[in-house]
Structure formats: structure tokens, C-alpha cells
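>>> I would like the atomic coordinates for the input below:
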Amino acid sequence: MSYRDIQCGLVTKEWIGKSIKLAGWVDRIREVGGVTFILLRDQTGISQLVCESTEMIELAHKLHHEDVISIDGTVRERKQKDKNESMETGEIEIPVSFLSVLNSCTKLPFQIQKSQEVDENLRMKYRYLDIRNPRMHNNFVVRHKLLQTTRNYFSDLGFLEIETPYLGKSTPEGARDFLVPSRINQGKYYALTQSPQLYKEMLMAGGVDKYFQICRCFRDEDFRLDRQPEFTQIDMEMAFVDEDDLHEVIEGLMKKVVKNCIGAEIETPFSVISYEDAMRTYGTDKPDLRFDLPIKTISQMFLNPEYKAFYIAASDRKTIAAINISKDIAQYSRKQSDQLIEQCKMDEVAFYFVKNKENGIGLNFLTQEDKKLIADELKSEPGDSIIFAIGSGYQVFEALGRARSVVGKEILNKNEELKNSFRFTWVNKFPLFLWNEDKNSLDSVQHPFTLPKMDQYIKNIDTEPLDIESCSSDLVLNGFELGSGGIRIVDAELQKQIFEKVGVSAQDIDEQFDYLFNALSSGAPPEAGFALGVDRIAMLLTHSASLRDVIAFPKNTRGASPLTKEPSEITKEQHKEVFGE
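Numbering: from 1, shown residues only. Reported below is the predicted structural model:
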């Protein structure tokens, strides 16, 4: 039996005068002048049905929202006054000659059209209903186009799509692993792979020149707006390339993705900013460049002994920095300025929120000359507001970065075109290591397989390891890190040294990574690679509120599924079978 001749949203005026079968969900029912109208919906859109005969009207009155029905009818043109230009099918309607209920919907926890207005856990409990919302459905259309574009792009460039294992070996680096007990090898465990990093390095050693895959990754980490315990990556690796080659390939992919998914054009090459400049100018290594609110360091302007706390801080080599907020962006009351400071405060960072008045910046201890110099440096005009921050090192920039983000949201909310724009940038020259105060040891900033700048490494590894930069970069879009990558270490001895520096014991190095060292010692080529977050890209392309809106069946903020109720307990029999107890 054929339920339909075409999908609901595809019926155009070319069908006028033709018999048609349609099937879908009852979106809405309305009565006008003794005629009953049914809006029939499927994933392509809506067609308007008209019930005019007594029999069809009676059947329509028995319908519920979201009933699944099929109909027969003949397509006709709507009257001119009834045409709806906002609908793809707004020029036609279908008088119903036959109507059959294929399945009834007897209860709805929320209206489909308003699903995004209800509590998110309720949406997730009834996810199959939430997905019927056209806004949600469009998210998955965009995601589909993203994945198809990726496959076609890399295939056209000669990459091979190769799958790597999900069940791997737990290693003492990265985030926490999800562990899977082995029934056959009792007492031993697999780890769900956090990324294909080691596997793709071995593929390069195996002579695979260009590799990619769209893979699932698993990390047992704390939840945030843009994180899930299982997520999807576009993973790629190339042999015999440098960082410029890598950037060119990724930029080409993003250009095609944005074009194919939402029909927009982006300019390449992307801008490049160093990690140091990003932190000092924007207070984050993930800067949102859609708005221009730079942080300015002005410590040198407070060296007058009469400037009290500011002078003491400047003399003590503390950092004094500021952000100017134009009067065209926002006018803050005392209460609003206090709320802003509360949102971005950090320990050991002092804030001062002042107005730039007609008689100058509202730090009354300043001379008029210095008020003007500081205003000029900050490009501040009377009526503007200024946030000053005093503290040590990057803390000041991070605190002002929070303020910049809060104010930036106000800018974007007032400018829809700016809000919907896409500003990509590369952030490079990351430090190779950072100091972990809790462990009292070095940590890798990205991961321990990243090649250091070798001239810096040779000079500083034994004396100033924190001064060494890595051959890596992040791709950032609108304040979110889309992915990271760079040049890999292919020298086995150098790789061992890096592991030792980040605190991996000699025993763990040998036991956990012997296969990697064997691969690197067997003639591994120079290589570079990158990993992009599919969920984050889809979230930004669809202007969604979180990753959960572009994942079909996500976990909530506690890592649980309100729909299927995992994680769940296992039976005693299952426990005994796996653990032998």
C-alpha cells in the first residue's frame, strides 16, 4: 500500500488539478465559516487540507493534534486573498475526499510548536516529540549536510576514511576514561577511546598518506554548555605536511561546510592571533571577534606616588588593565555595574567601575593630564563607562575577559546581523607546558604528542620549560573552540622525554605506549593533524543554545538520559558474569 505520492512540504502549484495522496501528522485544526482546515505536517513542511463535506468535517472533528493520518484529494489553487507567502505550499490547498487515521495521539506532555519553551529535562524525556518541532528538525538537517560535506570534501582531496577502535587501552593522560570490564578477560578493562590520536599516528606510520573519519569519542568529564560525555569529531591526519598545509585544508573544509549547510560565504584565510595576544587583548584563548572590546594594559600610567593603591600595584609589578564600554553600547546604573562586577569577579583581582564624565575619568586622584592620557589610550569619550582591574598575571585578563563576554552579549542582542555572523580565527603559539599547582608538576597544554618549537625546546627544556611554545593551533569561532591540532612528535626519544616531563612514570611509558614507540621507530613520516567538534560546529551554525539541541539523544547535565534512564543498575547475573563474583 502506498500512503503518499509526495511529502507535505513539496506540494507546489504544479500539482493543481491532480489527485494526490498525503500522509503525516496533524499539526493544527481550525474552523472558518463552516469549513474545517487541517494543517498536515511532515519533515518537509506543511500542506493545508480542506474538509468541506459533512462526512469529512465529522471525521476531522474526531482528530487530535499529532494524530498520524493519510488523505486523498485533488489539489486546487487557493483564492488570492487566502494565499500565504510565508509557506512553501501557500498557493495551494487540498479538499479531502478520503481520510484515514493511521495512529492516534491520545496524550501530549507539551505542544510540539512550543517544545523549546518547556523544561529541558521534559523535552529530553519525550525527545521523539521534541524532534518533531521544525526548529529541532532543521538542526538535524544542518548536521546531516555538515557530515555529508565533510565526507565529500576529504574524499575529493584523496583522504581515506578509516575507522579506528572504540574499545581501546586506558592511558595515563588526558581526561578520565570510561572503563568497560571484559567478560572474557576477567579483571581487565577496555577504555572507551577519548580520541583516535594514537591510532591515527600509527596509520601514518603504516603509510596511509591522508586519513579522516567521523568518529565518536568518550570523556568522563564535568558537564558544561558545550560538552557531552560522548561526542562526535571530524578527525584527520596527513603525512609530509607543515602547519600552513594543515590550516589550508581545514579552512577549505569550513568554507564548504558553511556554504552547503546554511548558504553563507566566509572569507579565507582566517585571521591568526597568538595565545599571548589573545589572553592579553580578550582575556581568553577562545576570543569572540564579532565585537570590538579590547582589553588595554595601562600599568605604566599609574607610576605617580600620589595614586595610592594603583601606584602600589604598578610598583609591585601587578597588572592594571581596563575595558572601555561605549555609551552607545550600554548605560549602567550603580546596581547594574555591581551586578556586572559580581559576574566577572575573581579572587585577588580588584575592580573599579567608573564613568567618563565631562570633567574626565571618575578616578578623582588622577591629574587632568593623566585622565586625558588614559581616556585617549582607551579611546574613551564622555558618557562611556570603564572597568579597571588590578591583579597578578593572567588573572586580570581572565576577569576582564568575563566582563567583555557579558557586555558583548548586549552588543550582539542589539545587532541581529552581527549576532548571526561568523568570525573564525586561528589561535597559535600555545605554550607546550603549564604548571599544575595541585600536582606540583608540568602538564601538557593540549596533549603530550604535540611537537615543541625545537629551537626553544633545546634551549629551555632544562631551565625554563614554561617558555617553550608548541607547534599547535586552535580554530575558534564566535568564542568557541571548534577544534585543535598541529604537528606531531615522530621521534621516539623526544616523545619519551615529553612523557617524563609531564610526570608519566618510566614504567607507564614502557607499558602503556610501547606500541607507539615501535611505530615511531619504524620510519614514521613527518605528520600533522586536526580534530573538529561536529556538535559545536552544528550548534553554532544553527544558533542553538547548547550542544544538546543538535544531538538527537543527549545526556542531561548529570550525564543521564531522562528518556531511557541510563546509567542504570545491572542484574546480579550480569555482575557475576562480568566480575566473577
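>>> Go through stretch 281-294 and flag the buried ones.
281-291, 293-294 (16 or more other CB atoms under 10 Å). The C-beta positions use only the backbone N, C-alpha and C, and glycine is treated the same way.
>>> Which single one of those residues is nearest to residue 340?
Among those, residue 293 lies closest to residue 340 (CB to CB), at 12.8 Å.
>>> Is that closest one in a helix, a strand, or coil?
Of the three states, residue 293 takes coil according to DSSP: H, G, I helix; E, B strand; the rest coil.
>>> That one contacts residue 325, doesn't it?
Yes - counting by CB atoms under 8 Å, residue 293 does reach residue 325; the two are 7.5 Å apart.
>>> Find the residues that touch each one of these two.
With contacts taken as CB atoms under 8 Å, 6 or more residues apart in numbering, residue 293 and residue 325 have residue 407 as neighbours in common.
>>> got TSV for the buried residues of stretch 281-294, with distance to residue 118 and secondary structure too?
Shown next, in TSV, are those (distance: CB to CB, whole Å; DSSP: H, G, I helix; E, B strand; the rest coil):
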residue	distance to residue 118	secondary structure
281	41	helix
282	36	helix
283	35	coil
284	33	coil
285	36	coil
286	31	coil
287	34	coil
288	29	coil
289	34	coil
290	30	coil
291	32	coil
293	35	coil
294	40	coil
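>>> got a markdown table for these, with distance to residue 540 too?
Output for the buried residues of stretch 281-294, formatted as a markdown table (distance: CB to CB, whole Å):
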| residue | distance to residue 540 |
| --- | --- |
| 281 | 22 |
| 282 | 18 |
| 283 | 20 |
| 284 | 16 |
| 285 | 17 |
| 286 | 12 |
| 287 | 15 |
| 288 | 11 |
| 289 | 13 |
| 290 | 11 |
| 291 | 16 |
| 293 | 20 |
| 294 | 23 |
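>>> hang on, residue 286 packs against residue 478?
No - counting by CB under 8 Å, residue 286 does not reach residue 478; the two are 9.2 Å apart.
>>> And the one helix or strand residue 519 maps to, what does it pack against?
Secondary structure from DSSP states H and E places residue 519 in helix 506-520. Using 3 or more CB pairs under 8 Å, 6 or more residues apart in numbering; DSSP states H and E as the contact definition, the elements that helix 506-520 packs against are helix 197-205, helix 492-501.
>>> Run through the residues that contact residue 436.
Here residue 436 is in contact with 442-443 (CB under 8 Å, 6+ apart).
>>> Check residue 195 too.
174, 217, 233, 235, 531.
>>> sorry, back to before: can I get the helix holding residue 519 in PDB, CA atoms only?
What follows is helix 506-520 as a C-alpha-only set of coordinates in PDB (Å, rounded to 0.1, in the frame of the first residue of the first chain):
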ATOM      1  CA  ALA A 506      59.100   5.200  33.200                       C
ATOM      2  CA  GLN A 507      57.100   2.000  33.900                       C
ATOM      3  CA  ASP A 508      53.900   3.500  32.500                       C
ATOM      4  CA  ILE A 509      55.800   4.800  29.500                       C
ATOM      5  CA  ASP A 510      57.000   1.400  28.600                       C
ATOM      6  CA  GLU A 511      53.800  -0.500  29.500                       C
ATOM      7  CA  GLN A 512      51.300   1.900  28.100                       C
ATOM      8  CA  PHE A 513      53.000   3.200  24.900                       C
ATOM      9  CA  ASP A 514      55.400   0.600  23.800                       C
ATOM     10  CA  TYR A 515      53.400   0.000  20.500                       C
ATOM     11  CA  LEU A 516      53.600   3.800  19.800                       C
ATOM     12  CA  PHE A 517      57.400   3.900  20.200                       C
ATOM     13  CA  ASN A 518      57.800   0.800  18.000                       C
ATOM     14  CA  ALA A 519      55.700   2.600  15.300                       C
ATOM     15  CA  LEU A 520      57.700   5.800  15.600                       C
END
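>>> Tell me what angle it forms with helix 197-205.
Inter-element angle recorded for helix 506-520 and helix 197-205: 30 degrees (by axes from the mean of the first three to the mean of the last three CA atoms, to 10 degrees).
>>> what angle do helix 506-520 and helix 492-501 make?
150 degrees.
>>> so what strands line up beside the very next helix or strand once past helix 506-520?
Sequence-wise, the next helix or strand downstream of helix 506-520 (DSSP H and E) is strand 527-533. Applying DSSP bridges, strand 527-533 is found paired with strand 230-239 (antiparallel), strand 480-487 (antiparallel).
>>> Tabulate these (JSON lines), appending distance to residue 379.
Formatted as JSON lines, those follow (distance: least, CB to CB, whole Å):
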{"stretch": "strand 230-239", "distance to residue 379": "40"}
{"stretch": "strand 480-487", "distance to residue 379": "27"}
